[in-house]
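Student: Next comes the sequence, and after it the predicted model I'd like to discuss.
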Amino acid sequence: MKDKKQITCDITVIGAGFAGMVAAARASDLGLKTVQTGNSSHLYFASGLFDFLGVYPLGSRTPIEDPRTGLELLQKEMPDHPYSKTSLETILKSFDFLARFLHSTGLNYVKPDKDNRSVLTAAGTFKPTCMMPETISKGGLLKKDTPLLLIDFKGLEGFCAGQIAAVLKKNHPYIFTLSVEVPGESGNLNPTYLATLFEDSSFLKNLATQISPFSNKVKLVGMPAVCGINKSLDILTRLEKMTGLDIFEIPMMPPSIPGLRLKNAFEKKLAGNHVHFLSQTKITSPQFNGSEFILNAVNQNMETQIRSKGIILATGRFPGGGLHAKRGCIQETVFNLPVYQPDERSLWHHLNFFEKQGHMINTAGVETDIVFRPVDTHGAVIYENLYAVGTLLAHNDWVRLKSGSGVSAVSAVTAVNDFYKKNTAGL
Amino acid sequence: METDVFIIGGGVTGTGIARDLTLRGLSVILVEKGDLNAGASGGNHGLLHSGARYVCSDPEAAIECAAEVKILKKNAAHCIEETGGLFVAVKGDKENYIADFPDMCKKSGIPSEFIDPKEAREMEPSLSDETIAAYKVNDASINPFKLSIENINDAVSRDACYLSHTKVESLKIENKTIVYARVRNQISGKTDKIKAKTYVNAAGAWAGNIAVMAGIHINMVFSKGTLLVTNNRIAKRVINRLRKPTDGDILVPGGVVSILGTTSVRIKSPDNIYPTVKEVDDIISEGEKMIPELKACRYIRAYAGVRPLVSMGSGNDREVSRGFTLLDHEKDQVNNFITITGGKLSTYRLMAEKASDIVCKKHQISMNCRTKTIPLPSTHSGEWSEPGVLATDLFKPNTQKDPFLCECEMVPTSAINTVIHSIKKNGGTSDLSSIALRTRVGKGPCQGTFCSMRILSHLYDTGEMTNQTGINDLKYFLNERWKGERSLLWGQALVQSSLKEMIHCGLFGLELIEK
Amino acid sequence: MFQISLYTALGLSIAGLLFRIYRFQKKGSSGTLKLKLSLNLKPAFFNTIFQSKLFYASKTRWAVHFLVFSGFIYLVFFHALDEWIAFNLFQSYQPTLDPFQFLRDFAGFLVLIGCSGFLLRRILNTWINPDNTTNYKGLFPIILILLVMGSGFMLETIKIISEPVFLEMVEDYSDIDEDTDLDHLKIYWETHYQVRFKKDILITEEALEHGRRLNTDYCLDCHSKIKSAFISKALATQLDKPANFLNYYRADNWLYPIHYLLSFLMLVSLPFSRFFHILLIPFASAQQKMTVRHFQEKAVSIHPATFSACTNCGLCSAVCSVYPNFLITGNKQILPHFKIESARKMMAVAHLNPKKLNQLQLGNDDCTLCHHCTDICPSGIDLQGIWQTLPQTLHKMGYPDNYTFVKDTALQERENKEWEKEQADRAYDLTQNLTGRVYSFENCVQCTVCTNVCPVVAYGGNDNDMTPQQIMNLLRLGKKQTAAGTRMVWNCLTCYMCQEHCPSEIKVADIIIELRNISNQTTDSLKIMGAADKADK
């Protein structure tokens, strides 16, 4: 027996990944009555780092330092890219909005003025990023002669201080490693459980005691990104005080604790902003009756009919379920919008997984106008109040360009702003 | 280095010969330019033929198969699952082939039993409604990795020496005799000379390349076959299409998955082969006629293998005899050199026997082959090549103390350590790829997304790896898995590999790292 | 003969009592639970004398029982034991003298009414409530009492109308020897005491008056007018026709032994029948109820005698909180009054029919320990204490709960499908069949989010084996029974965190619950088979 309900609202955000969350944040911020559907657990795959533009052009081996200059080139050379529909100013404003919003949730993010920072990852490589949690930020300030201590935790799989040290050794001669044994724990340690241990002061004291012997040898300490689930900056600061050293978190494989922090922050704040979140629901049979959309948000236990003036489609790509690839073609899963895609499957992927130019399938997606409304093959807008945002958009290989969060943020904010402008003029 | 016999090639034939010869008292060094089963032995269907498939086209091969299979089922039972097999025809298949089938089987001495199609569908619910005929045969499924591992482990236990990643660069010939072989270690770059009394070319598809070093030309024909692995086991038995052998004819159970194949594409060289999108589509189109589920089921990976065939001159590769080619190069003016190539996985032991007989004659050893009677021992390190072996009564999982490093295939830390130990004992280097070969690591749905980092960290943690090569190892490992995934990335497989790209390129930026 | 039978009956009864006590002690000490007899006398007193618990449970049933209780007590002390008690307490006591004559009939009348009430309730139950509480053990005492009452009244009636008894009494207690006097007395007794004489005698006023005077002289001291023996008087009136026949054949001479032999039967059967409740209920009521402290100190024991104090009144089941479960599943062993009987039998014979054992265990599992049954039990049995210790008792008998059993059962046994032949009578909800459909779990991307949010994984300690996502992998590898036997499946709190956090929307918790159902199904059947094997040996 399914619980059946009906809701009417101004705008529905389909998707609870990063783009969906930003859209819901903006919509509720503007006072729109907002409903959100989707599965926010995809944020467990988010590293917590936000990227604007990390690599340009495609195929370049070096990350760019200043995303603004990269953007200029991109807008000239890739006119179909989502960034080419907008301006540097709008992109920066979107990031500002994001920073403000996150700050209001208690999550502290740092945005260096102009340049990307290269943040150390668990593989010993560096990821260029433009905005990062304060707990990670010092990991982007590694200099060649900085004496560095890397710590890992026995039982935490997939993170080895020695591994990172081995990769860094060539350029960073002064690295020490420490493998911390967690008292009372032998065997496998899950990241979330380890993160909760950080919230216990005796654990912190013990950790500080193990780090202290290195305090005269190093200035900086790197540890896996498990420094508490809540109030991570407070805990990190306390640990820094206890040891007298600067500390930074290193992002690792999912499940990502910084991603979980984002999920918690968004969910809590949006709930406080009266965004009605229908968790783990899928949209079936969307219809449009000329003035509003009628959708069914369905999951195992309930069926909710939503009547909404506007839709922000933030359903993501293949993992998120926004795009579905059959053996021969790619479809958009909610509205069956036309999808820009390579002609045949043999073109989807390159023979080399790490191909510099990236895989053609990653540019597949939904094409839009300059305010991010999906268009058909003739370029005409399909629905006045339907917007597509985030990684669902075509012509953006965000994995290679390191442009995921930037495109998501600017498209989400722009779309919501546009809807607001067009539909609340009378208010 | 010196020895009695120098074997080139670490497939089932090479390792089988190593075992056979050491059982007859000879010392052996086996070199392999990659790792075990790098060629056809690692890219086949895993099918232990009843022989029924070749009753019409190649009766010789059929009879050979049937006899050998019996021996293998007795001696290497731990590498074999006695699944049984069915030959099924669907509406539209040639009626006279179906009609002739039972007689042809009888002629070759291969038992086959008529089954009513309805009964066949009860035995195998995945069969199509349009099944019009079915015959029961004695097919079985075999694990070729385990086979090679056990063969080489057995040989090593009698002091054989196995050198992986060691490539033969040249053969020095003096007075119609090979004096030594110059080899180069692919990883360290170091070269060495290996002296032996006899040299065996068991290099499979590369036999021609080796023979050329001795000035001998062999007319090799390369036929690529692509195979698909499903996410779960679809049928209990081997399911064959009851018609003249063509593409997409066979579905073989491989433990907890099923393997669907195959194709036959003539290629110029056995190197750098990969499954193509077209092959994948063709195989599925054919297979789904027999078993409709194959249309929509999830495929985890695809792989390709090269059949080393020695041409007698005809056009269609399927007509080249699947029987093997054994050449004593005394007739080519090189007295201590033989080549063994071609053949089928099912008859490897016979091939090894025949080759070893010639070698022993050259060494004037009169002992008869003992591999027919002495069973192949099962070693602990060999067990980990079997899927889901953890989930049996033999192992009591304790994921607290002995965590899984590969979650999909449930391979615990202790297993990885056992395998590392065995690799080092055999003189190899323990890295992601060599571990993956000997276990199921990376072969599950995640195709290395998570396990790669976990195992790499473990290698560093335990001091097995200390330098920067970790990243290259990771990239190589992921690319190897990629070869198998690329052609079937749709549906859920695409979701999984997108996730893989998000992590390893999006976060770790591995594509930015130069070698 | 009376004496002989009396002493024999008494001897047998005492022997029976001692035997029962011996058996109870033996059963109690064979358990490993510490036997600790502690007495709580105040409730015992009130419950024994006033049936206070029954009073609170049901006024009607108390009233009906009290009729029988009061009447029976009176008759025991003032009729059966009148030689020792009544005669000593009251100088002028005679059974045929008012108020004792009246009281005797009245007491008998109360017992008759009460017993009819007992029977009526049982008959109505058969119609109205098929889960009736009647069994033959309950009927035996009722029938026996009715027979004793019936024979007693008949005896009194016969004695009333008996001419030979009259003549014997005249002979023994008067010095009337003249016929006319005798005749006059006869007339008087025929009129006022309803004796039936063979020969008709002419009744005149003077004769009657003379008879009355004679009666006053010789009889009145011991014989009140028959009016007060109202039941027997009524019966006597009905026996006009056969009176002479009965008198001639001295019906009183053979009714008397019937009457006292039936009474002795009651005595002898006391330790072996429902009559035992007379002694057991005070005993059970005196037992101290089990508390949490007892469990902590491991001083847990239920004296076996208390099991037998159950009178099958069914009041416990009427107030059982999980009665609705019984309506749904039909398992009678959910109901306390069936459960206690099964438990009693189980302890007596050390094993039960395997399917019965299974039902008993399942039925007891449903108990929520709400204490309603114990509060209401008129026999004062500590029912909840029994339910709480029953799992341990079953475990000792080789019938552990499924959680424990799974741990010790080899995978092969669970996988070889032999158990499918022996199905327990329980419905397992396997309707979604998530574990049988690959699509349910094949979309797992191995992200381990479910494992990371699972509280059992985080805090389950040494009992952890597989994680939720590894269970999905086991299913994908076709190892359903292995998955169903993991500790994870049994320790799962069904908090649903895994299912709610799964990015691929896999129904992780639902699958785990289904596996637990499968495991229960297998385990129940294996236990039945195992118990059957043990029984065969």
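Tutor: Ah, there it is.
Student: Now do B:Ile63: how many residues are near it, please.
Tutor: Using other Cβ atoms under 10 Å in any protein chain shown, the number of residues around B:Ile63 comes to 17. Heads up, the C-betas are built off the backbone N, CA and C, glycines and all.
Student: That one and B:Lys106 touch, don't they?
Tutor: No - counting by Cβ atoms under 8 Å, B:Ile63 does not reach B:Lys106; the two are 12.0 Å apart.
Student: Tell me where the model's unsure across the stretch 1-150 of chain A.
Tutor: By pLDDT under 70, the low-scoring segments of the stretch 1-150 of chain A are A:1.
Student: Which parts of it are strands?
Tutor: Along the stretch 1-150 of chain A, the stretches classed as strands by DSSP state E, counting those that start in this stretch are A:3-14, A:34-38, A:109-110, A:117-120, A:126-129, A:132-133, A:148-153.
Student: Minimum distance to B:Glu124: which of these has it?
Tutor: B:Glu124 sits nearest to strand A:34-38 of all those, at 40.5 Å, using Cβ to Cβ.
Student: Dump that closest one to CSV, restricted to CA.
Tutor: Extracted as CSV, the C-alpha positions of strand A:34-38 are listed here (Å, rounded to 0.1, in the frame of the first residue of the first chain):
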residue,chain,number,x,y,z
THR,A,34,10.9,24.3,-3.8
VAL,A,35,10.5,20.5,-4.0
GLN,A,36,13.5,18.3,-4.5
THR,A,37,13.7,14.6,-5.5
GLY,A,38,16.6,12.2,-5.9
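Student: Okay, now the unreliable bits of chain B?
Tutor: In the predicted model of chain B, residues B:312-322, B:381-400, B:426-427, B:515 satisfy pLDDT under 70.
Student: So which residues of it form helices?
Tutor: B:12-23, B:59-75, B:95-107, B:117-123, B:144-157, B:207-213, B:277-290, B:348-362, B:380-383, B:413-425, B:432-438, B:451-461, B:469-485, B:491-501 (DSSP state H).
Student: For chain B, which of the strands of the stretch 1-150 of chain A is the nearest?
Tutor: Nearest to chain B among these is strand A:126-129; the distance by Cβ to the nearest Cβ comes to 5.5 Å.
Student: is the closest one up against chain B anywhere?
Tutor: Yes - using Cβ under 8 Å from any Cβ of the partner chain, we find that strand A:126-129 touches chain B at A:Phe126, A:Lys127, A:Pro128.
Student: out of these, which one sits closest to chain C?
Tutor: A:Lys127 (19.6 Å).
Student: which ones are touching that closest one?
Tutor: A:Lys127 is in contact with A:Ser47, A:Leu49, A:Asp51, A:Gly54, A:Ser118, A:Val119, A:Thr121, A:Pro251, A:Lys402, B:Leu507, B:Phe508, B:Gly509, counting by Cβ atoms under 8 Å, 6 or more residues apart in numbering or on different chains.
Student: Save those residues as CSV, and put in neighbour count too.
Tutor: Listed next are these as CSV, based on neighbours: other Cβ atoms under 10 Å in any protein chain shown:
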residue, neighbour count
A:Ser47, 30
A:Leu49, 29
A:Asp51, 26
A:Gly54, 26
A:Ser118, 19
A:Val119, 26
A:Thr121, 24
A:Pro251, 28
A:Lys402, 30
B:Leu507, 25
B:Phe508, 25
B:Gly509, 23
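Student: For the residues you listed, please prepare a markdown table with the additional fields distance to chain C.
Tutor: As requested, the contacts of A:Lys127 are exported to a markdown table (distance: Cβ to the nearest Cβ, whole Å):
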| residue | distance to chain C |
| --- | --- |
| A:Ser47 | 14 |
| A:Leu49 | 18 |
| A:Asp51 | 21 |
| A:Gly54 | 24 |
| A:Ser118 | 26 |
| A:Val119 | 22 |
| A:Thr121 | 18 |
| A:Pro251 | 15 |
| A:Lys402 | 22 |
| B:Leu507 | 14 |
| B:Phe508 | 16 |
| B:Gly509 | 20 |
